[in-house]
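Participant: Could you work out the structure for the sequence below:
(chains A and B)
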Protein chains: 2
Amino acid sequence: MVEKKRAVVLVSGGLDSVTALAIAQGQDFDCYALSVDYGQRHRSELDAARRVTDAARVPLKVLPLDLRGIGGSALTDDIEVPETETSGIPVTYVPARNTIMLSLALAYAEVLGADDIFIGVNAVDYSGYPDCRPEFIAAYQQMARLATKAGAEGREMTIHTPLIDLAKAGIIKKGIELGVDYALTVSCYQADEQGKACGVCDSCRIRREGFRAAQVPDPTRYR
Amino acid sequence: MVEKKRAVVLVSGGLDSVTALAIAQGQDFDCYALSVDYGQRHRSELDAARRVTDAARVPLKVLPLDLRGIGGSALTDDIEVPETETSGIPVTYVPARNTIMLSLALAYAEVLGADDIFIGVNAVDYSGYPDCRPEFIAAYQQMARLATKAGAEGREMTIHTPLIDLAKAGIIKKGIELGVDYALTVSCYQADEQGKACGVCDSCRIRREGFRAAQVPDPTRYR
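Facilitator: This next block holds a predicted model:
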């Protein structure tokens, strides 16, 4: 029996990352999920990460990293989450979030002997986050290839972004094809303890419009 | 009065990072020290970080990040620290350590509005760590310029590595010139609770040889 190649998949419990996980499994990777508990207010995300990885029969590692110490975002500070559309980079931006999450994934990949990392970023609905752009991912991969023992020994780390060119509707269609149960996921920036969504934040709005555009019933539980 | 430019300085409490801090202050930056408590066994390092930043009158932020969850190093796992010289990459290598520390520094820099990060890596005595090489730092800087809100707005992040071409003796001479008190620092991988060094690990050996080569009395407190 040929051993499957291992991959680290960053799983937040949201719609995008669970789709990225399904795609990685569909490409026959032996997946290890990593979730970063960066002191976010929406802890129901972590419960969702547990549900989606259990459903996918994938081990989940949760790394606590309390970013509230350095502040700078409505998601980790005591700033109100905006409920109206904003232009430019939103206050929900967590400083260097994807850089940090990819760095922890890189460490985990190195420990596992994995040369592949999956992250569910997309450049279409990225709400103005600089660290969701393809040029950022390309630069990260270049850096990652120089950063590790594996890289120093000639192996090449690959950062997979299977959703990068998809709009939300396309992501949902892809996930439905792969059998993803989106009822298990939470996207809302201010979901309650039961994981019920507010329906009014940026993330809720993008998600709801995605289901509508994909012509798929929205399984989100709203308050 | 012209406001000084802010810089984030990664400070471990070791000889190199306190020298990097003195150099950043010498270049007239308003310095903010960041120390990552990555679950290292040598907690005396953090006490040293507190002493050196107090002496330099610089605020110190300590971010807890327990890397023991992902394992992979003698510094965070229950593996014995080697006391004889080893070739290649040593088991004391923490996976993706500098990548992770720079990413946290990047987040902090973004919050502070700083465009400069100092890290005390050096390529000469780097003991085979891939993430101490100049090509790694250059790739990291390239990535960092694309990662952040500041970068997206046209500002350029610079990763300063003032020690990169210096051997240990050169670092020590530089620090002495700048008034660094090396008695406050701890380099040992297995220092005791009072910060006393073992004298036999890789790090102790490199440090002792550095003081000898610099012809400076070694202030290290050995057990």
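Participant: quick one: the lowest-mean-pLDDT helix or strand in chain A near chain B?
Facilitator: In chain A, no helix or strand scores lower on mean pLDDT, DSSP states H and E than helix A:149-152, which sits at a mean of 74. Yes. Using Cβ under 8 Å from any Cβ of the partner chain, helix A:149-152 reaches chain B at A:149, A:151-152. Glycine gets a C-beta too; all of them are placed from N, C-alpha and C.
Participant: same question, stretch A:133-148
Facilitator: Yes. Counting by Cβ under 8 Å from any Cβ, chain B is contacted by stretch A:133-148 at A:133, A:135-136, A:139-140, A:142-148.
Participant: So in chain A, which helix runs the longest?
Facilitator: Of all the segments of type helix in chain A, defined by DSSP state H, the longest one is helix A:97-112.
Participant: Show me what that helix is packed up against.
Facilitator: strand A:6-10, strand A:30-37, strand A:116-118, helix A:134-147, helix B:97-112, helix B:134-147 (3 or more Cβ pairs under 8 Å, 6 or more residues apart in numbering or on different chains; DSSP states H and E).
Participant: Columns mean pLDDT on top of the ones you listed, output as a markdown table?
Facilitator: A markdown table is the format used below for the helices and strands packed on helix A:97-112 (pLDDT from 0 to 100):
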| stretch | mean pLDDT |
| --- | --- |
| strand A:6-10 | 97 |
| strand A:30-37 | 94 |
| strand A:116-118 | 98 |
| helix A:134-147 | 94 |
| helix B:97-112 | 93 |
| helix B:134-147 | 94 |
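Participant: returning to what we had before: could you say which of the residues of helix A:149-152 next to chain B is surrounded by the most neighbours?
Facilitator: In terms of neighbour count, A:Gly151 stands highest of these at 20 neighbours, by other Cβ atoms under 10 Å in any protein chain shown.
Participant: how about the closest residue to that residue other than its chain neighbours, what does it touch?
Facilitator: Leaving aside its chain neighbours, A:Gly151 sits nearest to A:Arg145 (4.7 Å; criterion: Cβ to Cβ, 6 or more residues apart in numbering or on different chains). Applying Cβ atoms under 8 Å, 6 or more residues apart in numbering or on different chains, we find A:Arg145 in contact with A:151, A:156-157, B:139.
Participant: Just list what whichever strand or helix holds A:Lys173 packs against, helices and strands only.
Facilitator: Counting by DSSP states H and E, the element that carries A:Lys173 is helix A:168-177. In terms of contacts (3+ Cβ pairs under 8 Å, 6+ apart), helix A:168-177 is packed against helix A:15-26, helix A:202-214.
Participant: For the shortest one, name the packing helices and strands.
Facilitator: With contacts defined as 3+ Cβ pairs under 8 Å, 6+ apart, helix A:15-26 has these neighbours: strand A:6-10, strand A:30-37, helix A:44-56, strand A:116-118, helix A:168-177.
Participant: could the helices and strands packed on helix A:97-112 be laid out in CSV, adding distance to A:Ala105?
Facilitator: Output for those, formatted as CSV (distance: least, Cβ to Cβ, whole Å):
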stretch, distance to A:Ala105
strand A:6-10, 5
strand A:30-37, 5
strand A:116-118, 5
helix A:134-147, 9
helix B:97-112, 10
helix B:134-147, 14
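Participant: List just the one of these that sits closest to A:Asp54.
Facilitator: Nearest to A:Asp54 among the helices and strands packed on helix A:97-112 is strand A:30-37; the distance by Cβ to Cβ comes to 10.1 Å.
Participant: Can you pull out the residues in contact with the closest one?
Facilitator: By Cβ under 8 Å, 6+ apart, strand A:30-37 touches A:3-13, A:21, A:24-25, A:43, A:46, A:49, A:53, A:56, A:58-65, A:100-101, A:104-105, A:108, A:112, A:114, A:118.
Participant: Of the residues you listed, just the buried ones, ChimeraX syntax please.
Facilitator: Applying 16 or more other Cβ atoms under 10 Å in any protein chain shown to these, the buried members can be selected in ChimeraX as follows:
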select /A:7,8,9,10,11,12,13,21,24,25,46,49,53,56,58,60,61,63,65,100,101,104,105,108,112,114,118
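Participant: Surely A:Val62 is in a helix?
Facilitator: No. If the criterion is DSSP: H, G, I helix; E, B strand; the rest coil, then A:Val62 is strand and not within a helix.
Participant: can I assume it is in contact with A:Glu45?
Facilitator: No. In this structure, A:Val62 is not within contact of A:Glu45 by Cβ atoms under 8 Å, at 10.8 Å.
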